[in-house]
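Student: missing the sequence, but the structure's below:
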């Protein structure tokens with residue numbers, strides 16, 4: 001059975017939708033990832049295997065092929081772990097759910113828990129712009145993701161919790177930001193400080209060099 005899961009990646013400063021396609025067929029047991037994956041994505045094979053087993057599910061003893069589309073876009077980082085794991089569970093019929101309107105993001109630990117994932121904000125913003133009503137993110141990134149309006153944020157702590165949610169065993173663990181916290185400005189908008197910018201080290205370095213040379 002072929003399963004498809006929507007996820008996203010960061011290209012420069014913007015998000016890019018990625019389709020995770022999983023096909024399971026007869027043959028020697030293997031897990032192959034294609035679609036221009038970098039080393040971190042290739043290493044997802046071991047993380048996903050261990051996470052599925054340690055979450056109480058069975059990893060299929062068959063030939064598993066994962067395609068990350070579009071194939072001409074280089075895939076980098078570990079954010080594909082969770083969508084790959086979900087695709088494998090859907091394709092092997094361990095989970096049956098309609099996630100065609102859901103974007104899934106997250107890096108897996110070997111025990112199935114979810115880690116912080118870089119670039120959540122632009123990826124969630126893209127999901128909202130593209131009209132996806134639900135975005136699933138690691139619990140550690142729910143606060144950041146909730147800054148984007150237009151998509152419901154599902155905060156997940158582990159693969160086990162996500163499987164239970166997809167099976168309808170638990171309510172959707174939607175993230176709700178504290179009202180007092182939401183009314184508090186995140187930064188002082190009267191000044192511009194690169195310390196407020198998370199990541200983008202090359203861009204910040206370029207701005208610093210330009211400012212030092214008096215060209216800004």
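Tutor: Looks like it came in fine. These numbers were taken from a predicted model, which means no experiment stands behind them. Residues are numbered from 1 along each chain as shown.

Student: Surely residue 89 is within a strand?
Tutor: No. Counting by DSSP: H, G, I helix; E, B strand; the rest coil, residue 89 is located in no strand; its state is helix.

Student: Distance check, it against residue 164.
Tutor: Distance of residue 89 to residue 164, computed by Cβ to Cβ, to the nearest Å: 12 Å. Yep, even glycine has a C-beta here, placed from its N, CA and C like the rest.

Student: ok, those two, which is more surrounded?
Tutor: Residue environment comparison for residue 89 versus residue 164 gives the larger neighbour count to residue 89, 26 against 17, counting by other Cβ atoms under 10 Å.

Student: The more buried one: what's it in contact with?
Tutor: 52, 57, 95, 163 (Cβ atoms under 8 Å, 6 or more residues apart in numbering).

Student: 7 Å instead, please
Tutor: If you count contacts by Cβ atoms under 7 Å, 6 or more residues apart in numbering, residue 89 has them with 57, 95, 163.

Student: All the strands of this protein, residue numbers only.
Tutor: Counting by DSSP state E, residue ranges of the strands within the chain are 2-11, 14-25, 30-34, 63-69, 102-104, 107-108, 114-115, 134-138, 152-156.

Student: For those strands, could you give me JSON lines that also reports mean neighbour count?
Tutor: Rendered in JSON lines, the data for the strands of the chain read as follows (neighbours: other Cβ atoms under 10 Å):
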{"stretch": "strand 2-11", "mean neighbour count": "21"}
{"stretch": "strand 14-25", "mean neighbour count": "19"}
{"stretch": "strand 30-34", "mean neighbour count": "15"}
{"stretch": "strand 63-69", "mean neighbour count": "20"}
{"stretch": "strand 102-104", "mean neighbour count": "25"}
{"stretch": "strand 107-108", "mean neighbour count": "24"}
{"stretch": "strand 114-115", "mean neighbour count": "22"}
{"stretch": "strand 134-138", "mean neighbour count": "25"}
{"stretch": "strand 152-156", "mean neighbour count": "22"}
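
Student: Export those as a markdown table, with columns for mean pLDDT and distance to residue 43.
Tutor: Putting these into a markdown table (pLDDT from 0 to 100; distance: least, Cβ to Cβ, whole Å) gives the following:
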| stretch | mean pLDDT | distance to residue 43 |
| --- | --- | --- |
| strand 2-11 | 94 | 16 |
| strand 14-25 | 95 | 16 |
| strand 30-34 | 96 | 10 |
| strand 63-69 | 97 | 13 |
| strand 102-104 | 97 | 19 |
| strand 107-108 | 96 | 11 |
| strand 114-115 | 96 | 13 |
| strand 134-138 | 96 | 18 |
| strand 152-156 | 95 | 21 |
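
Student: any chance of those in a markdown table, with distance to residue 204 too?
Tutor: Putting the strands of the chain into a markdown table (distance: least, Cβ to Cβ, whole Å) gives the following:
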| stretch | distance to residue 204 |
| --- | --- |
| strand 2-11 | 16 |
| strand 14-25 | 17 |
| strand 30-34 | 32 |
| strand 63-69 | 29 |
| strand 102-104 | 28 |
| strand 107-108 | 24 |
| strand 114-115 | 24 |
| strand 134-138 | 25 |
| strand 152-156 | 28 |
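
Student: rewinding a little: looking at the contacts of residue 89, spot the one nearest residue 41.
Tutor: Residue 41 lies nearest to residue 57 out of those, by Cβ to Cβ, at 21.3 Å.

Student: Neighbours of that closest one, how many?
Tutor: A count of neighbours around residue 57, defined by other Cβ under 10 Å, yields 19.
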